[in-house]
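>>> sequence first, then the predicted structure, then my questions.
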Amino acid sequence: MADLPLTIMPKLLTYHELVKRENWGDRLDYLKLWDKPHTSPRAISNSFYKSRWWMLARKEVLLRDLRCDLGVVGMFINDGIIIHHMNPLQPEDIDNWTDDMVDPEYLITVSYQTHNQIHYKTVEPLPERRPGDTKLW
């Protein structure tokens, strides 16, 4: 029997795996994208982010995460809330409007600053966030 090449499927990041990490820093490390190749289909995703489909998913995730950064209870976000796709959207997701785009299992609430850390890694290390913090940073 001929050897068949193995196709390695990338591991999807999930909400259930994320919440096993108790603190903000470990959750950030789980989600970091700065050392992984990815592109953003922003140029073609505007209609999706304005859709009722997305707005309903966004509302569901905000309620689940209690508007807390990375879903860490007590780390409330007062402004700049983003619902982050843990697995970056691909152009084919946008073209086909796949269910994964709105599945809460692949979405998490983050602050604007945390979102930038996930994607770009900041030059200056940010202090560890703790429940009850009144300032974002």
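Alright, I've got the coordinates. Residues are numbered from 1 along each chain as shown.
>>> show me what secondary structure element comes after the one helix or strand in the chain whose mean pLDDT sits lowest.
Of all helical and strand segments in the chain, the minimum by mean pLDDT, DSSP states H and E falls on helix 42-49, at a mean of 82. Per DSSP states H and E, the first helix or strand lying C-terminal to helix 42-49 is helix 52-65.
>>> check which residues of that following helix are buried.
Trp54, Ala57, Arg58, Val61, Leu62, Asp65 (16 or more other C-beta atoms under 10 Å). Bear in mind the C-beta positions are built from the backbone N, C-alpha and C, glycine included.
>>> hang on, the earlier thing: give me the contacts around the least confident helix or strand of the chain.
Trp54, Leu89, Pro91, Ile94, Asp95, Trp97, Met101 (C-beta atoms under 8 Å, 6 or more residues apart in numbering).
>>> contact partners for the first one?
So the one you mean is Trp54. Contacts of Trp54 by C-beta under 8 Å, 6+ apart are Phe48, Met101, Val102.
>>> what about 10 Å?
The contact partners of Trp54, by C-beta atoms under 10 Å, 6 or more residues apart in numbering, come to Ser45, Ser47, Phe48, Ile83, Trp97, Met101, Val102.
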